[in-house]
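Novice: With the sequence up front, the predicted model follows.
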Amino acid sequence: MDQQPKPAERAIEAFRSRFGASPTVVARAPGRVNLIGEHTDYTGGFVLPVAIDREVVVAGRARSDGTVCVYSADFDQSVCFQLDEARLDDVRKDPRHPWSDYVRGIYAVLQAEGLPVRGAELAIAGDVPQGAGLSSSAALEVATLLFAQATGGFEVEPVRAALLARRAENEFVGVACGIMDQFVSRLARRDAALLVDTDSLRYEHVPLPPDVAIVVTDTRVRRQLVGSEYNLRRQQCEEALAIARRHVSGWRLVREIGAEQLSALRDLMPRVLMRRLRHLVEENARVLDAVQALGAGDLGRFGELMAASHASLRDLFEVSCPELDAAVEIARAVPGVYGARMTGAGFGGCTVTLARPDAVPAVVAALEAEYPRRTGKTPQIFVLRAAQGADWHTL
Ligand code: GLA
């Protein structure tokens, strides 16, 4: 069992010892794991993530000048910046404290929106594994945004908060992610997945059946490629869609392409673009099927869709790697497992497995025994719950 104090206690304690006073505002935001709907959120598709019970907590208080001082308990580092230095039109990142760019980025975006942020002192602590693809950065962005709104005395409606947090990531940090991570971190509900239509930004909470456990396996593979390959996939999707649009009139969104139209497009674009497009079309359909399966309590069907999603990410979208494939195969062979797939951007990071709760010890044992044998690496395994999205309170 994890004996470390919870992030909220650590953030509050860190604030007290660092700033010699009690914090007045505590904001928290969870990481996420995506159940299905991968690489669909930058072409207006569907995603079905859950927030996880791993979170980033920001504790602090406003100050009367325009300075923001941040202490990271996880890195044991402090940074101060002036509010008027946190700008989107003149982005100045801090290469010595890259974690602080998420905080600066949020302040920069809120100021660009004309929102009345105030100077502040804040301490940050989290237990979302970093760099594992569980969106510790989105959690930090969303928690900082809630903290800034609470100390500034203004409201940001949740969907707008997700959009602003993503804007900080896109325009300040410089990562071209879609909306999924910030959206689910802000809007998720406990024990439910979140269906998001990333075109209209409409969403629906989809309750998870009680007899399902979520096991996340970190492959411990960190590929430097993630960023460049992610951008390349985005570009390929756009090219494929531009070609498709020239030939099929009357549709706007990937989800509107049917199987027949898809095969009619086959000779009109390079094979690699066709593979990307096919993944998008089919993955969107799988998300809607998966929501239906959850509604019907049919976890067997949900697991089949996860298997198809993984195969598509491996063979058509080409973002898996041998370690992800191994973790998926090992988990899937355990009795009581409904399904397993890679999750997140790919090229390493995590897999997600849905299993009967009583099968969890066997899943963990199989991964701990088999994964090192097949890959030479030690996995990190988390048994997680679908958690509530971000919130804040005063002390
Ligand atoms: C990363 C991005 C998300 C999404 C996934 C792939 O996690 O941050 O926006 O595109 O990859 O589904």
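Specialist: Perfect, I can see it now. Remember, predicted model here, so these are calculated numbers, not experimental data.
Novice: what ranges do the strands span in the protein?
Specialist: Under the criterion DSSP state E, the chain contains strands at 25-36, 46-62, 67-72, 77-82, 120-126, 192-197, 203-207, 213-218, 337-343, 350-355, 380-384, 391-394.
Novice: and the direction of the third one versus that of strand 46-62, what angle?
Specialist: Which is strand 67-72. In terms of direction (axes from the mean of the first three to the mean of the last three Cα atoms, to 10 degrees), strand 67-72 departs from strand 46-62 by 120 degrees.
Novice: What of the fifth one?
Specialist: Angle between the axes of strand 120-126 and strand 46-62 is 130 degrees (criterion: the same axes, to 10 degrees).
Novice: any idea of the mean pLDDT for strand 120-126?
Specialist: For strand 120-126, mean pLDDT is 98.
Novice: Who are the packing partners of that strand?
Specialist: Contacts defined by 3 or more Cβ pairs under 8 Å, 6 or more residues apart in numbering; DSSP states H and E place strand 120-126 against helix 7-19, strand 46-62, strand 67-72, helix 136-152. For the C-beta atoms, the positions are set from N, CA and C on the backbone; glycine is no exception.
Novice: Please list the residues outside stretch 9-23 that contact it.
Specialist: 4-5, 26, 57-61, 69, 71, 73, 78, 121-125, 395 (Cβ atoms under 8 Å, 6 or more residues apart in numbering).
Novice: any chance of the helices and strands packed on strand 120-126 in JSON lines, plus mean neighbour count?
Specialist: JSON lines is the format used below for the helices and strands packed on strand 120-126 (neighbours: other Cβ atoms under 10 Å):
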{"stretch": "helix 7-19", "mean neighbour count": "19"}
{"stretch": "strand 46-62", "mean neighbour count": "27"}
{"stretch": "strand 67-72", "mean neighbour count": "21"}
{"stretch": "helix 136-152", "mean neighbour count": "29"}
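Novice: Any chance of TSV for these, columns distance to the ligand and mean pLDDT?
Specialist: Output for those, formatted as TSV (distance: least, Cβ to the nearest ligand atom, whole Å; pLDDT from 0 to 100):
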stretch	distance to the ligand	mean pLDDT
helix 7-19	21	97
strand 46-62	7	98
strand 67-72	21	98
helix 136-152	7	98
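Novice: And for residue 317, nearest residue in space, chain neighbours not counted?
Specialist: Nearest non-adjacent residue to residue 317, counting by Cβ to Cβ, 6 or more residues apart in numbering: residue 279, 4.3 Å away.
Novice: What is the neighbour count of the one you found?
Specialist: Residues lying near residue 279 (other Cβ atoms under 10 Å) number 26.
Novice: The closest residue to the ligand within the stretch 251-395 of the chain: what's it in contact with?
Specialist: As assessed by Cβ to the nearest ligand atom, the ligand sits closest to residue 345 within the stretch 251-395 of the chain, at 3.6 Å. For residue 345, the contact set (Cβ under 8 Å, 6+ apart) comprises 39, 133, 226, 230, 319.
Novice: Quick check: the residue found closest to residue 282 once you drop the neighbours it is linked to in the chain vs residue 306, distance?
Specialist: Once flanking residues are discounted, residue 282 sits nearest to residue 312: 6.1 Å by Cβ to Cβ, 6+ apart. Separation of residue 312 from residue 306 (Cβ to Cβ, to the nearest Å): 11 Å.
Novice: and if you look at residue 357?
Specialist: 17 Å.
Novice: coming back round to it: mind putting the helices and strands packed on strand 120-126 in a markdown table, distance to residue 379 included?
Specialist: As requested, the helices and strands packed on strand 120-126 are exported to a markdown table (distance: least, Cβ to Cβ, whole Å):
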| stretch | distance to residue 379 |
| --- | --- |
| helix 7-19 | 23 |
| strand 46-62 | 16 |
| strand 67-72 | 27 |
| helix 136-152 | 18 |
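Novice: what's the closest of the ones you listed to residue 187?
Specialist: Closest to residue 187 of these, according to Cβ to Cβ: strand 46-62, at 8.5 Å.
Novice: Check the offset of that closest one from the chain's centre.
Specialist: Offset of strand 46-62 from its chain centre (Cα atoms, centre = their mean, to the nearest Å): 10 Å.
Novice: how much does it deviate in direction from helix 136-152?
Specialist: 50 degrees.
Novice: Thought residue 167 was touching residue 141, still the case?
Specialist: No: applying Cβ atoms under 8 Å, one finds residue 141 not in contact with residue 167, separated by 9.5 Å.
Novice: Out of residue 312 and residue 306, name the residue with the larger neighbour count.
Specialist: residue 306 (28 against 23).
Novice: check contacts around the more buried one.
Specialist: By Cβ under 8 Å, 6+ apart, the neighbours of residue 306 are 35-36, 290, 338-341, 352, 354.
Novice: Next, format these as TSV and append distance to residue 246, pLDDT and neighbour count.
Specialist: Formatted as TSV, the contacts of residue 306 follow (distance: Cβ to Cβ, whole Å; pLDDT from 0 to 100; neighbours: other Cβ atoms under 10 Å):
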residue	distance to residue 246	pLDDT	neighbour count
35	34	98	30
36	30	98	28
290	31	98	28
338	41	98	24
339	37	98	26
340	38	98	28
341	33	98	29
352	37	98	29
354	40	98	21
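Novice: Quick one: the helices in the stretch 101-250 of the chain, in order.
Specialist: With DSSP state H, counting those that start in this stretch as the criterion, the stretch 101-250 of the chain has helices at 136-152, 158-167, 180-187, 226-247.
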